[in-house]
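Asker: Predicted structure and sequence below. I'll ask about it afterward.
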Amino acid sequence: MPIDFDPGRWEKLANDAGAWWAGELERPLLQMRLQGADPGRPEPDIPTRRFTCHYDASISAERIVDRWDFDLSRTKFLGDAFPNVTPNFGAGAVAAFLGAGIHNTDDTTWFVAKEELAIGDITFDFDPAEEWFERARDVCRTAIDRWRGSVQVDMVDLGGTLDVLTTFRPSDSLMFDLFDDPEVVERLNWRIHELWMRYFEEFNAILQPANPAYTAWAPILSKEPFYILQSGFSFSLSPDMFERFVKPQLVAACRTLPNSFYHLDGPGQLNHLGSLLEIEGLKGLRWDPGEGNADVEVWLEVYERIRAAGKLVQIGMSDGSQTENFERVVDRLGSAKGLVWIYQGDISEEEEMGRFLEKFGAA
């Protein structure tokens, strides 16, 4: 059985998303993906993996994409949701493309430099034959060839520039480098930024124009190039260091990517919120309170500050969060305009979620 999604919906979804990005959509974007529908076909012989790099090299890209197709066939797409897949090679896959090894466990993956060098001895170059880069491109090509626009293939999670650098220069050492060799850190950071943009274009050469639009690891639909920028290392930085070592790359990325978001990941990054809100080209922020900090009432002021700055907001609630939490944010802000919420649940919730979507004009 094919994926249960009417191709005629793409145009409306893209138009609504375009109006949302422009601040002209009076309702929020609400994506509801519910699992458990009858796929109408046999299950493939490989399991679902959160990380694509968890599949052994002996598993072909065709088999991976077929597994994704099966999972999409089990999904009901409600509201602004659409079928999409994420070629997930870990958060900050640029590190692997630059030669780091990928270390996998059952539930996560991270990157490890093959040797630890002094900050002044580190260099980065684009290698079109690097094995993980080749694997990621193969998976993306195979997905595009399989669906030819009926499924949105997300951009690979390329990561943040300083986060990539921490793979090759561990965080504790890099903190000393910020004081001892700041010019070297800046040079390497800008080099990673340059290569980041190169990888972004390399993947887009595969994904476009067959893809219906642009998406990132958080699948907000965009007619123009889009990415959710990030810098996990920033939680360790003072505001002055953030201004020097992180913000310039964010400003430059926003000039290149018309629709840019920033992943505000945890309370440790809140001291940079004011600086982020000053970036004119930054369209919005995704706020993730982090595990153990999920009480939405505590963070309503964060959403207020983002909204007051004229930015769009992704409500970063984990799977299983109650719709009441979304409504509490809306009540505090006074409207749901400019918000986006992406939810994954079970098919048994279809009736409840249908009522929720109708309430906010997204049914």
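Answerer: Cool, got the structure.
Asker: Name the residues of the lengthiest helix in the chain that are buried.
Answerer: Longest among the helix segments of the chain by residue count, using DSSP state H, is helix 182-207. Using 16 or more other Cβ atoms under 10 Å as the test for burial, helix 182-207 gives 184-185, 188-189, 191-193, 195-196, 199-200, 202-203, 206-207. The way it works is simple: take the backbone N, C-alpha and C, and place the C-beta from them, glycine included.
Asker: Likewise for stretch 50-65?
Answerer: In stretch 50-65, counting by 16+ other Cβ under 10 Å, buried: 51-55, 61, 64-65.
Asker: what does that stretch rub up against?
Answerer: 44, 46, 49, 85, 87-90, 96, 102, 104, 107-109, 132, 135-136, 138-139, 141-143, 146 (Cβ atoms under 8 Å, 6 or more residues apart in numbering).
Asker: Of those, grab the buried ones for ChimeraX.
Answerer: Entered in ChimeraX, the line below selects the buried ones among those, by 16+ other Cβ under 10 Å:
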select :44,85,87,88,89,90,96,102,109,132,135,136,138,139,142,143,146
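Asker: Among the contacts of stretch 50-65, which lie within helices?
Answerer: Per DSSP H, these map to helices at 96, 132, 135-136, 138-139, 141-143, 146.
Asker: Relative to Ser275, which of those is nearest.
Answerer: Ala96 (29.5 Å; Cβ to Cβ).
Asker: still on that earlier bit, which ones among the buried residues of stretch 50-65 are found in helices?
Answerer: Those of those lying in helices (DSSP H): 61, 64-65.
Asker: Now the residue lying closest to Asp157 once chain neighbours are set aside: which helix or strand?
Answerer: Leaving aside its chain neighbours, Asp157 sits nearest to Trp217 (4.5 Å; criterion: Cβ to Cβ, 6 or more residues apart in numbering). If you go by DSSP states H and E, Trp217 is not part of any helix or strand.
Asker: Would you map the helices across the chain?
Answerer: 9-21, 61-73, 94-97, 131-147, 161-168, 171-180, 182-207, 239-245, 247-256, 273-277, 300-308, 323-333, 350-359.
Asker: Can you pull out the low-pLDDT segments for this protein?
Answerer: 1, 291-295, 316-321 (pLDDT under 70).
Asker: mind checking how far the most centrally placed residue in it is from Gln269?
Answerer: Among the residues of the chain, the one closest to the centroid is Trp217, at 2.7 Å (Cα atoms, centre = their mean). Going from Trp217 to Gln269 by Cβ to Cβ, to the nearest Å gives 17 Å.
Asker: now Phe51
Answerer: Taking Cβ to Cβ, one finds Phe51 at 24 Å from Gln269.
Asker: on that earlier part again, is it possible to get JSON lines of the ones in helices among the contacts of stretch 50-65 that adds distance to Met353?
Answerer: Listed next are these as JSON lines, based on distance: Cβ to Cβ, whole Å:
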{"residue": "Ala96", "distance to Met353": "37"}
{"residue": "Trp132", "distance to Met353": "37"}
{"residue": "Arg135", "distance to Met353": "36"}
{"residue": "Ala136", "distance to Met353": "33"}
{"residue": "Asp138", "distance to Met353": "36"}
{"residue": "Val139", "distance to Met353": "31"}
{"residue": "Arg141", "distance to Met353": "34"}
{"residue": "Thr142", "distance to Met353": "32"}
{"residue": "Ala143", "distance to Met353": "27"}
{"residue": "Arg146", "distance to Met353": "28"}
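Asker: for those residues, which one is nearest Asp331?
Answerer: So of the ones in helices among the contacts of stretch 50-65, ranked by how close each gets to Asp331 (Cβ to Cβ), first place is Ala143, at 40.1 Å.
Asker: so that closest one touches Gln152, yeah?
Answerer: No: under the criterion of Cβ atoms under 8 Å, Ala143 makes no contact with Gln152, lying 9.7 Å away.
Asker: what's the overlap in contacts for these two?
Answerer: In contact with both Ala143 and Gln152: Val85, using Cβ under 8 Å, 6+ apart.
Asker: residues near Ile119, how many?
Answerer: Other residues lying near Ile119 total 19 when counted by other Cβ atoms under 10 Å.
Asker: before we move on, the earlier item: for the buried residues of stretch 50-65, give me TSV that also has distance to Gly361.
Answerer: Listed next are those as TSV, based on distance: Cβ to Cβ, whole Å:
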residue	distance to Gly361
Phe51	36
Thr52	35
Cys53	39
His54	39
Tyr55	40
Ala61	39
Ile64	37
Val65	35
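Asker: Name the nearest residue to Phe233, sequence neighbours excluded.
Answerer: Leu162 (4.4 Å).
Asker: No more questions from me, cheers.
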